[in-house]
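Enquirer: got a sequence here, can you build the structure:
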Amino acid sequence: SGEAALSLQTRRNQAQRIGFDLGTGLGPIDLNIETALSRRVTRTFFKGDFDIDTLTFPEAYKEEDRWYSQSVLGLQYSFNYSDEDSATVGVEGFWNEMGYEDRGLEFISLVSGQSHVLYSGRQYVGAYVHLLNPGAWNDSSFFATAVQNISDKTALLRLTVTHTLYKQISLEAYVSRCFG
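Expert: Below you'll find the model as predicted:
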């Protein structure tokens, strides 16, 4: 069994978007595939070389009639590690055709506001572990995540702790570290 969804979005003078989402179980593992296609993208792209030492800057261009794809492939596995406690682990890969393989072009796109953080690179990989109310910590959850931009070799690690204080009031704290 599984689920599938198809979505369409279009507005005058806005990007056209088509989305497809498929989720299914492969035994104990959940598989999720998401793809988005966009056209009439109004942002500026960059090509060529960027070298601050020689004051070489890339060429700016637009391709509004081109279809761009963004896709995610994810696997998730949940399991019990005691009679009352469970954990979920997962991995995801992200392909972003609107991102850059070149670190210099990625930097120019970010600084000029044409790209967003975690969407500026061409390829990403991520992993996570979620412990919901482990052991005697029935009001706390732990969530560890790692994301790497394969295109520029940067990464982000984060550990988040959530503690419920009273019914729907919760406190969340995290520590994170960037690499690369």
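Enquirer: please count neighbours and contacts with C-alpha atoms only from this point.
Expert: Will do.
Enquirer: all helices of the chain, in order?
Expert: For the chain, the helices defined by DSSP state H occupy 103-111.
Enquirer: what are the boundaries of the strands in it?
Expert: 2-9, 16-26, 29-39, 45-47, 59-61, 68-80, 86-96, 123-132, 140-149, 154-166, 169-179 (DSSP state E).
Enquirer: nearest to Gly113, out of these?
Expert: Closest approach to Gly113 among the strands of the chain (CA to CA): strand 45-47, 10.8 Å.
Enquirer: partner strands of that closest one and their direction?
Expert: With DSSP bridges as the test, strand 45-47 is paired with strand 59-61 (antiparallel).
Enquirer: so what touches the strand it pairs with?
Expert: With contact meaning CA atoms under 8 Å, 6 or more residues apart in numbering, strand 59-61 is reached by Thr44, Phe45, Phe46, Lys47, Gly48.
Enquirer: select, out of the strands of the chain, the one closest to Asp102.
Expert: Of all these, the one in closest proximity to Asp102, counting by CA to CA, is strand 45-47 (9.3 Å).
Enquirer: which residues does the helix-or-strand element of the chain with minimal mean pLDDT contact?
Expert: Least confident helix or strand, the chain: helix 103-111 with a mean of 91, by mean pLDDT, DSSP states H and E. Residues from elsewhere that reach helix 103-111 (CA under 8 Å, 6+ apart): 45-51, 58, 99-100, 115-117, 120-121, 151-152.
Enquirer: returning to that earlier point: please indicate which of the contacts of strand 59-61 are buried?
Expert: With burial judged by 16 or more other CA atoms under 10 Å, the buried subset of the contacts of strand 59-61 is Thr44, Phe45, Phe46.
Enquirer: nearest to Tyr128, of those residues?
Expert: Once CA to CA is applied, the member of the buried ones among the contacts of strand 59-61 that ends up nearest Tyr128 is Phe45, at 31.5 Å.
Enquirer: so the closest one touches Gly113, yeah?
Expert: No. Counting by CA atoms under 8 Å, Phe45 sits too far from Gly113 to count as a contact (10.8 Å).
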